[in-house]
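Chemist: quick one: sequence plus predicted model below, questions after.
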There are 2 protein chains.
Amino acid sequence: MNSIHSPQSRTVDKTYIRDTFKTLQDEICKKLEESDGTGRFQEELWHREAGGGGRTRIIENGSVIEKGGVNFSEVYGVLSDQMADVLQIQRGGTFFATGVSIVMHPISPMVPIIHMNVRYFEVSNGEKWFGGGIDLTPIYIDVPQAKGFHQKLKGICDRHHASYYPTFKKWADDYFYIKHRHETRGVGGIFFDRLGVDDTFTIEERFDFVKEVGEAFAPIYTSLIQSNRHLPYEEAEKQWQRIRRGRYVEFNLIYDRGTKFGLDSGGRIESIFMSLPPEVSWMYNFQPQPGSKEAETQKLLRKEIDWLNG
Amino acid sequence: MNSIHSPQSRTVDKTYIRDTFKTLQDEICKKLEESDGTGRFQEELWHREAGGGGRTRIIENGSVIEKGGVNFSEVYGVLSDQMADVLQIQRGGTFFATGVSIVMHPISPMVPIIHMNVRYFEVSNGEKWFGGGIDLTPIYIDVPQAKGFHQKLKGICDRHHASYYPTFKKWADDYFYIKHRHETRGVGGIFFDRLGVDDTFTIEERFDFVKEVGEAFAPIYTSLIQSNRHLPYEEAEKQWQRIRRGRYVEFNLIYDRGTKFGLDSGGRIESIFMSLPPEVSWMYNFQPQPGSKEAETQKLLRKEIDWLNG
């Protein structure tokens, strides 16, 4: 994979990181449009009164994507107590945060929902760190595809440190967990936070990793689109998709720290809620038929599956 | 209105309150079935491992009601710290809680969503109190109907104390508020909590009020159904309904203390989530056309409207 920027001769500071994230947003939108074929991103710039703003890019009613967003934001100012609590850091002082957040809801229940986020924080006590992750939410879990997805993530992780994949894979299992349903959001992926607060790696090394995660998104997802977009499905599969999308909403509104941070930091509601799917349904006590494809997927919505060697 | 029980010669204790709530559930289900015409409630009994359980009654695919629940529950045991924090009471000790919770999602966007709850709590430090409320969420606000709704609630409140309606109406405005949208969930109603912790009224007087609120639900809602069930609507109205239902989900999953208490106290998920609507949609940045019926409703989704004298 080619790197967007050459790793030589640059200072990894907030300006550089922000610019890299903006370029990443551009590249990803371009590749997703090519892959979708007909859908085009609509851009909206927004301004945050207390400091900063963002560049929201939404795609709706494409050939593959029903609704999705690739959002860049850069917000800064006084750290509210609420924000400090969500970030689990000390209260007081100021902050700077920039990131790219992606969620894609495809039309077809055969194409998985995907989420990716890379973000950078600085607070006025001198702490700075990266966070992020990628996770996949198939409506129907295809085990070889889940394996391929994890293999790609492991490949990226391993180029940076042998501890990354096992640590970040477990972190994703724990983070993307819908506690009240006792089920995971999907097949997981990787999740990491506060990379850089300790001094095991330089901030440049952490940045190189995070950038590679961001750059991996487009090839990983467009390849999944390519493989699955023409698979047939019927109304029963669409119904299961609406139910699974309901779980996605439950996770995002009840547990997701990114959503909470967005709401607490005065982010733009419509940008934050681009992650919420179209056409969702809550049916009372829906239980898949034993032995059905839906039941097979349901069984795999749990932590600690070793996708690589399963 | 006839009272279910005679007010004479009874001790208002948790057993009596629980039995009254069960009878209330029976009465309401009966009247809703009569009003709907074809829909029938399906009952599911559930058991809570840590103590108690409930009687969930769900109606789906009726002539008027698309999905709704009239749930009775009675739960008790050790008070967890999480539950204490949600209830905003001191940690430690044991609790007893019983109540009836109702949410109705009609098929027609011309028939409003409604919610009612009455509940009773006791904790081992000796505190006991009632809580509850009724609030109405029209997809299209009909001002005379909203006025009629508030008049009925004021009538009930005034029979108990002149302070009740103004206090509980404001409480509903504040409680049923979707902060991140800067809009109310609907036209409000009444909301109250911790009635009985102070000693202004006897527990019998508080109980008489709460029972009357519970008994008011069926006549209020069946009359609204009767007035609106035959109003015509088209796909545009259904689309607006899916969007408004999305707001209902946002409120319930992000703010509703009843939902949080249910999740934290190990309640039955499918019973708690009966409040979530079927067929919901999140469209990116939907804005009603200026001057449209949708825009008129949007304008009225705010606090401090004096519906009685508006």
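Modeler: Done, it's in.
Chemist: ok, residue A:290 - how many residues close by?
Modeler: 6 (other Cβ atoms under 10 Å in any protein chain shown). (C-beta placed from N, C-alpha, C; glycine too.)
Chemist: helix, strand, or coil at it?
Modeler: Assigned with DSSP: H, G, I helix; E, B strand; the rest coil, residue A:290 falls in the coil class.
Chemist: contact partners for it?
Modeler: Contacts for residue A:290 (Cβ atoms under 8 Å, 6 or more residues apart in numbering or on different chains) come out as none.
Chemist: relative to chain B, how far out is it?
Modeler: Noted for residue A:290: a distance of 18 Å to chain B, by Cβ to the nearest Cβ, to the nearest Å.
Chemist: pairing-wise in the sheet, spell out the partners of the spatially most central residue of chain A.
Modeler: Relative to the mean C-alpha position of chain A, the nearest C-alpha, by Cα atoms, centre = their mean, is the one of residue A:116, at 2.3 Å. In this entry, residue A:116 is beta-bridged to residue A:102, residue A:134, by DSSP bridges.
Chemist: surely it is in contact with residue A:218?
Modeler: No - with contact defined as Cβ atoms under 8 Å, residue A:116 and residue A:218 do not form a contacting pair (9.3 Å).
Chemist: so how far is stretch A:232-246 off the chain centroid?
Modeler: 22 Å (Cα atoms, centre = their mean, to the nearest Å).
Chemist: residue A:277 and residue A:67 touch, don't they?
Modeler: Yes - using Cβ under 8 Å, residue A:277 is in contact with residue A:67, at 6.6 Å.
Chemist: can you pull the residues that touch both of the two?
Modeler: With Cβ under 8 Å, 6+ apart, residue A:277 and residue A:67 have common neighbours A:105, B:282.
Chemist: which of the three states applies to residue A:230?
Modeler: Per three-state DSSP, residue A:230 ends up coil.
Chemist: ok, now how distant is it from chain B?
Modeler: 26 Å.
Chemist: now stretch A:89-108: buried residues?
Modeler: By neighbour count on 16 or more other Cβ atoms under 10 Å in any protein chain shown, the buried set for stretch A:89-108 is A:89, A:95-108.
Chemist: same question for stretch A:66-82.
Modeler: So stretch A:66-82, judged by 16+ other Cβ under 10 Å, has buried residues A:66-77, A:79-80.
Chemist: tell me what the lowest-mean-pLDDT helix or strand in chain A is packed against?
Modeler: Ranked by mean pLDDT, DSSP states H and E, the helix or strand of chain A with the weakest confidence is helix A:81-87, at a mean of 84. Applying 3 or more Cβ pairs under 8 Å, 6 or more residues apart in numbering or on different chains; DSSP states H and E, we find helix A:81-87 packed against helix A:257-264.
Chemist: let's go with 10 Å and repeat that
Modeler: strand A:94-106, strand A:113-123, helix A:257-264 (3 or more Cβ pairs under 10 Å, 6 or more residues apart in numbering or on different chains; DSSP states H and E).
Chemist: could I get those as a markdown table with distance to residue B:245?
Modeler: Output for the helices and strands packed on helix A:81-87, formatted as a markdown table (distance: least, Cβ to Cβ, whole Å):
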| stretch | distance to residue B:245 |
| --- | --- |
| strand A:94-106 | 17 |
| strand A:113-123 | 20 |
| helix A:257-264 | 19 |
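Chemist: could you redo those as JSON lines and give each row mean pLDDT and distance to residue B:45?
Modeler: Formatted as JSON lines, the helices and strands packed on helix A:81-87 follow (pLDDT from 0 to 100; distance: least, Cβ to Cβ, whole Å):
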{"stretch": "strand A:94-106", "mean pLDDT": "97", "distance to residue B:45": "37"}
{"stretch": "strand A:113-123", "mean pLDDT": "97", "distance to residue B:45": "35"}
{"stretch": "helix A:257-264", "mean pLDDT": "86", "distance to residue B:45": "35"}
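Chemist: distance of residue A:94 relative to chain B?
Modeler: Distance from residue A:94 to chain B, by Cβ to the nearest Cβ: 23 Å.
Chemist: neighbours of the nearest residue to that residue once chain neighbours are set aside, just the number please.
Modeler: Nearest in space to residue A:94, with sequence neighbours left out and distances taken as Cβ to Cβ, 6 or more residues apart in numbering or on different chains, is residue A:124 at 4.5 Å. For residue A:124, the count of nearby residues is 12 (other Cβ under 10 Å).
Chemist: same thing with residue A:110?
Modeler: 20.
Chemist: and the stretch 101-250 of chain A, which residues reach chain B?
Modeler: When proximity is defined by Cβ under 10 Å from any Cβ of the partner chain, the stretch 101-250 of chain A lies next to chain B at A:105, A:178, A:179, A:180, A:181, A:182, A:242, A:245, A:246, A:249, A:250.
Chemist: how far away is the closest residue to the fourth one other than its chain neighbours from residue A:222?
Modeler: Pointing back at residue A:180 there. With sequence-adjacent residues excluded and distances taken as Cβ to Cβ, 6+ apart, residue A:180 is closest to residue B:263, at 5.0 Å. The gap separating residue B:263 from residue A:222 is 37 Å, by Cβ to Cβ, to the nearest Å.
Chemist: try residue A:79
Modeler: 37 Å.
Chemist: just residue A:166 next, same as before
Modeler: From residue A:166 to residue A:222 the distance is 27 Å (Cβ to Cβ).
Chemist: more crowded one of those two?
Modeler: residue A:222 (17 against 11).
Chemist: pull up the gap between that one and residue A:31, please.
Modeler: 6 Å.
Chemist: ditto for residue A:162
Modeler: 30 Å.
Chemist: wasn't residue A:68 part of a strand?
Modeler: Yes - judged by three-state DSSP, residue A:68 forms part of a strand.
Chemist: surely it meets residue A:39?
Modeler: Yes - contact status for residue A:68 versus residue A:39: in contact at 8.3 Å, counting by Cβ atoms under 10 Å.
Chemist: need the residues touching each of the two.
Modeler: A:32, A:58, A:59, A:60, A:62 (Cβ atoms under 10 Å, 6 or more residues apart in numbering or on different chains).
Chemist: could you work out the most separated pair of these?
Modeler: A:32 and A:60 (12.6 Å; Cβ to Cβ).
Chemist: tell me, what's touching the two both at once?
Modeler: With Cβ under 10 Å, 6+ apart as the test, residue A:32 and residue A:60 both reach A:39, A:41, A:68.
Chemist: could you find the closest non-adjacent residue to the second one?
Modeler: Take residue A:41 and drop its neighbours on the chain: the residue closest to it by Cβ to Cβ, 6+ apart is residue A:57, 4.2 Å away.
Chemist: and that neighbour, how far from residue A:136?
Modeler: Counting by Cβ to Cβ, the gap from residue A:57 to residue A:136 is 21 Å.
Chemist: can you check residue A:221 too?
Modeler: 9 Å.
Chemist: ok, residue A:131 touching residue A:118?
Modeler: Yes - look at residue A:131 against residue A:118 with Cβ under 10 Å: they come within range, at 7.8 Å.
Chemist: which parts of chain A are helices?
Modeler: Here chain A has its helices, by DSSP state H, at A:14-36, A:81-87, A:143-158, A:164-175, A:203-228, A:235-254, A:257-264, A:269-272, A:293-299.
Chemist: ok, and what's touching the second one?
Modeler: Yep, that's helix A:81-87 we're talking about. A:75, A:77, A:79-80, A:89-93, A:95, A:97, A:121, A:123, A:129, A:131, A:193-194, A:257-266.
Chemist: taking the stretch 1-150 of chain A, what residue is nearest to chain B?
Modeler: residue A:58 (4.8 Å; Cβ to the nearest Cβ).
Chemist: now do the contacts for residue A:99.
Modeler: A:17-18, A:21, A:24-25, A:54, A:71-75, A:117-121, A:130-132, A:210, A:214, A:258.
Chemist: kindly recompute the last result at 7 Å.
Modeler: Going by Cβ atoms under 7 Å, 6 or more residues apart in numbering or on different chains, residue A:99 touches A:21, A:73, A:117, A:118, A:119, A:120.
Chemist: how about the first one: what's its closest non-neighbour residue?
Modeler: When you say that, I think you mean residue A:21. residue A:100 (5.0 Å).
Chemist: fine, thanks again, bye for now.
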